[in-house]
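**Student:** the following block contains a protein sequence and its predicted model.
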Amino acid sequence: GDSVTQKEGLVTLTEGLPVMLNCTYQTIYSNAFLFWYVHYLNESPRLLLKSSTDNKRTEHQGFHATLHKSSSSFHLQKSSAQLSDSALYYCALRGASSSFSKLVFGQGTSLSVVP
Amino acid sequence: EAAVTQSPRSKVAVTGGKVTLSCHQTNNHDYMYWYRQDTGHGLRLIHYSYVADSTEKGDIPDGYKASRPSQENFSLILELASLSQTAVYFCASSGGHRENTLYFGAGTRLSVL
């Protein structure tokens, strides 16, 4: 079945340094959609950004990601980390082409940005 | 703005007791979901529903039941709560297309003692 791997459970960064959170996935479906959800403490998880076509970059709130089907990856990046970026980040996959297909989440990466 | 409301926000239950978690959405969405959040496991799907009076099993349904009495309401029921069900539970709703965003509630922190 579909699966998502986020190999880093915890990433600690100094403010101002670049952010890169890894996400790789497995699916048999060629037209998969990938998503990044962010969960700030004491808030509801919410969508950060979602994939576009292959090799096209999508951006939102200073974060960006590019779907690379050749490497089955959708890494989340930001040029300069801010203290307010500290949160739990989930990569998610919706693979199947049926009218309904459930969203499969990765294990999550906790990002801690320190001064 | 989409709205998904969960109640209660936190609950302490005794082992073997019955627990009901409630979710209400005002998004007019067909799909509703219950997820469980555990460190190291991410968000795992327990049950979901795409129409009132019908529910479907997700990836980890054992020990849980669900009820969808109306489009707006979706409940998660633990008939015999166990220690292993201590977790944070999130309800979410979405439209039917697979590009659609999931809108989450604020979560319910359940502690089973």
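**Tutor:** Sure thing, it's come through. Residues are numbered from 1 along each chain as shown, chains lettered A, B, ... in the order given.

**Student:** what parts of chain B come near chain A?
**Tutor:** Residues of chain B lying close to chain A (C-beta under 8 Å from any C-beta of the partner chain) are B:4, B:31, B:33, B:35, B:40-45, B:48, B:50, B:58-59, B:90, B:96, B:98-99, B:101-107. Placement of C-beta: from N, CA and C, glycine included.

**Student:** please enumerate the helices of chain B.
**Tutor:** Using DSSP state H, chain B contains no helices.

**Student:** how close does the most centrally placed residue in chain B get to A:L47?
**Tutor:** Nearest residue to the geometric centre of chain B (C-alpha atoms, centre = their mean): B:W34, 2.7 Å. Relative to A:L47, B:W34 is positioned 18 Å away (C-beta to C-beta, to the nearest Å).

**Student:** pLDDT weak spots in chain B?
**Tutor:** In the predicted model, chain B carries pLDDT under 70 at residues B:1-2, B:97-99.

**Student:** okay, buried residues for the longest strand seen in it please.
**Tutor:** Using DSSP state E to define each element, chain B has its longest strand at strand B:42-51. Applying a neighbour-count criterion of 16 or more other C-beta atoms under 10 Å in any protein chain shown, the buried positions in strand B:42-51 are B:42-50.

**Student:** I'd like to know which elements it is packed against.
**Tutor:** On a contact count with 3 or more C-beta pairs under 8 Å, 6 or more residues apart in numbering or on different chains; DSSP states H and E, strand B:42-51 meets strand A:104-105, strand B:31-38, strand B:54-57, strand B:65-67, strand B:73-78.

**Student:** apply 6 Å and report the result again.
**Tutor:** strand B:31-38, strand B:54-57 (3 or more C-beta pairs under 6 Å, 6 or more residues apart in numbering or on different chains; DSSP states H and E).

**Student:** so the residue nearest to the centre of chain B bridges to which residues?
**Tutor:** Partner residues in beta bridges with B:W34, using DSSP bridges, are B:H47, B:C91.

**Student:** give me every residue that touches it.
**Tutor:** Going by C-beta atoms under 6 Å, 6 or more residues apart in numbering or on different chains, B:W34 touches B:46-47, B:76, B:91.

**Student:** distance of it from A:L13?
**Tutor:** Taken as C-beta to C-beta, the span from B:W34 to A:L13 is 33 Å.

**Student:** try B:L113
**Tutor:** Taking C-beta to C-beta, one finds B:L113 at 37 Å from A:L13.

**Student:** neighbour count winner among these two?
**Tutor:** A:L13 (18 against 10; other C-beta atoms under 10 Å in any protein chain shown).

**Student:** so what's that one scoring on pLDDT?
**Tutor:** Confidence at A:L13, expressed as pLDDT, is 96.

**Student:** okay, the residue lying closest to it once chain neighbours are set aside: pLDDT?
**Tutor:** Nearest non-adjacent residue to A:L13, counting by C-beta to C-beta, 6 or more residues apart in numbering or on different chains: A:A81, 4.8 Å away. The model reports A:A81 with a pLDDT of 97.

**Student:** okay, A:A81 and chain B: tell me how far apart.
**Tutor:** 22 Å (C-beta to the nearest C-beta, to the nearest Å).

**Student:** can you tell me the helix or strand for that residue?
**Tutor:** Using DSSP states H and E, A:A81 sits within no helix or strand.

**Student:** return the residues in contact with it.
**Tutor:** A:13, A:15, A:17, A:19, A:113.

**Student:** hmm, 8 Å instead?
**Tutor:** Listed by C-beta atoms under 8 Å, 6 or more residues apart in numbering or on different chains, the contact partners of A:A81 are A:13-19, A:111, A:113.
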